[in-house]
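got a sequence here, can you model it:
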Amino acid sequence: MASSSRLVTGPVGEQQTVTRSTPMATAVRWSLAVIAFAWYTAFSLRAEARHLGGFDLAVFDQAVANLAHFRAPVSAIKGMDLLGDHFHPVIAVAAPFYWIYPHPSTLLTVQAAALAVSVLIVTKAVQQLFGARLGVAVGFAYAISWGLQSALYFGFHEVSLGVPIIAAAVAYCLRRKWGIAAAFAALLLLVKEDLAFTAAAFGIYLCLQKKYRLGVVLVVGSMCWFFAVIEVFIPRLNPYGRYLYWPGSAPLPSTPGQPSFGLDASTLWSWQKLLTLVLVLAPMLFLALRSWLAIVLIPTLGWRFLSANSHYWGTKYHYSEILMPVTFLAGVAGAACIAWPPRLRRNMLRGISVAAVVVGLAIAAGFPFARAIAPGYWTSCARCVAADAALAQIPSGVTVTSDDALLPAVVDRDTAHVLAPGLLDGRGRPLRTDYVLIDVEHATQFSQPGWLAELQAGVLSTDYAPVFSRDGYVVYRKR
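Next comes the predicted model:
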């Protein structure tokens, strides 16, 4: 894997060796990306088949299905145009694939492809910086990183489509192609409104690199965009006429995923937050702290840790996937800052290569991919069979209110709503759908105690008749 290289030194002390890729290095990184895509797709499709969760997957399926028919991205589950909930026009890239196969698994495949592209970008960037061997080692560690695992296990989320964008932005920063890096950072504005702060962080980084004009434009433009989105665009599309993710703005306290901002003595400090911070930095041996690119981590970690909602603090769900390309590439940039003696450089490269793989495997052992290694993940389970039997009781073309984990199984063939206390729709209006599907063992998803028993003793006993019950799954049909 011989290569030619040149040393690039940044004005704030960052330096990197830009290496021209050989055909072998190119083939290796493409192979790694293709394998990652195949694994991500198989893993996430199997998670869907096992009904391991899918509220957001079902919500986005409804929105993208509408976009595919050139309609507004309305979700019946949310009860609104999704662009009035969060501003994420990027989901439109999935719409053409719905012309081929309109199903939630299409979204999972698109997500797997986006994350696999980020593997390609990260691997190439490290190969150019430190050579082919370290590139493959870091690329592999990134491909199995816990943030990507948690996102794939969670289902689908629009932030996944921003992962290759932020990876490209950081990669072009490392190559000192500032204009292209700024363009990719600006594309984050189309992924989700809160990523405007991440785009602004890129602008601050550009200022630190003495690219003041480009940096200031990115910072000011990102902040103007953020306030335009939350004060103009979203209120015009939101049925409540406001942005719902400010403190105290949630219309329904029982709505899943609504934030609770603010800190007190009980939430200011948490071992959960510390563990997340350590796991974000550990995959590249905390070397990201030696690079100014670590600034890009601050906005996402900041809003999560400043929230009083403990769901944002930990390593579960999709919240950390956008951090993974930054921590890996900033870690490599941090290693490049160290003035290694020439005779130690080769040993340093080998050491980082081995350490990245070992640490990556050690961390991965505690996350969802470890479950997929066990044969039971790929075989049927008793509750999976019961869930499928319950779903078989519900015909196509009807309206159904379902437990959120089972929504993806009905959303492509029925008009679906999520089961919530009081049997209400996404806007708090009473629902009387043709069928109601309950998972009794999942009744703890809402903080309101006794809501399911109250629902069963009330409207379900008067307006519905049970037609199926097995292993905690109950299907009710409207009388």
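
thought Gly397 was touching Asp414?
Yes - here Gly397 lies in contact with Asp414, judged by Cβ atoms under 8 Å, at a distance of 6.7 Å. Where you see a C-beta, it was placed from the backbone N, CA and C, and this is true even at glycine.

who has more neighbours, the two?
Asp414 (21 against 8; other Cβ atoms under 10 Å).

how close does that one sit to Gly54?
Distance from Asp414 to Gly54, counting by Cβ to Cβ, to the nearest Å: 14 Å.

just to confirm, which helix or strand has Thr109 in it?
Assigned by DSSP states H and E, Thr109 belongs to helix 104-130.

hey, C-alpha coordinates of the next helix or strand after that helix in CSV?
Once the chain leaves helix 104-130, the next helix or strand it forms, by DSSP H and E, is helix 132-143. Extracted in CSV, the C-alpha atoms of helix 132-143 (Å, rounded to 0.1, in the frame of the first residue of the first chain):
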residue,chain,number,x,y,z
ALA,A,132,-4.1,2.6,4.8
ARG,A,133,-3.6,0.5,7.9
LEU,A,134,-4.7,3.0,10.4
GLY,A,135,-7.5,4.0,8.1
VAL,A,136,-8.9,0.5,8.1
ALA,A,137,-8.5,0.1,11.8
VAL,A,138,-10.3,3.3,12.6
GLY,A,139,-12.9,2.7,9.9
PHE,A,140,-13.7,-0.6,11.4
ALA,A,141,-13.9,0.8,15.0
TYR,A,142,-16.1,3.5,13.7
ALA,A,143,-18.4,1.1,11.8
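
which other helices and strands contact helix 132-143?
Counting contacts by 3 or more Cβ pairs under 8 Å, 6 or more residues apart in numbering; DSSP states H and E, helix 132-143 packs against helix 23-49, helix 104-130, helix 324-337, helix 342-364.

out of those, which gets the lowest mean score?
Per-stretch mean pLDDT for the helices and strands packed on helix 132-143 is lowest at helix 342-364 (a mean of 86).

tell me the confidence at the nearest residue to Gly426 once chain neighbours are set aside?
With sequence-adjacent residues excluded and distances taken as Cβ to Cβ, 6 or more residues apart in numbering, Gly426 is closest to Gly79, at 3.0 Å. At Gly79, the pLDDT value in this model is 88.

for Gly79, give me phi and psi.
Note on Gly79: its backbone torsions stand at phi 70, psi 30 [degrees, to the nearest 10].

so how far is Arg429 from it?
In terms of Cβ to Cβ, Gly79 sits 8 Å off from Arg429.

which one of those two is surrounded by more residues?
Comparing Gly79 with Arg429 by other Cβ under 10 Å, the one with more neighbours is Gly79, at 20 against 9.

spit out the contact partners of that one.
Listed by Cβ atoms under 8 Å, 6 or more residues apart in numbering, the contact partners of Gly79 are 239, 425-427, 429.

and the gap between it and Ala92?
Taking Cβ to Cβ, one finds Gly79 at 21 Å from Ala92.

Ser380 too?
Ser380 is 36 Å from Ala92, where distance means Cβ to Cβ.

higher neighbour count, the two?
More crowded of Ser380 and Ala92, by other Cβ under 10 Å: Ala92, with 15 against 11.

the more buried one is in contact with Asn66, isn't it?
No - counting by Cβ under 8 Å, Ala92 stays clear of Asn66, with 10.7 Å between them.

overlap of the contact sets of these two?
Pro73.

what about the residue nearest the centre of the chain, which helix or strand?
Centroid-nearest residue in the chain: His318, 3.7 Å away (criterion: Cα atoms, centre = their mean). For His318, there is no host helix or strand (DSSP H and E).

correct me if wrong: it contacts Ser150.
Yes - in this structure His318 lies within contact range of Ser150 using Cβ under 8 Å: 6.5 Å.

please tell me how far Leu189 sits from Pro73.
In terms of Cβ to Cβ, Leu189 sits 17 Å off from Pro73.

now Ile373
Taking Cβ to Cβ, one finds Ile373 at 37 Å from Pro73.
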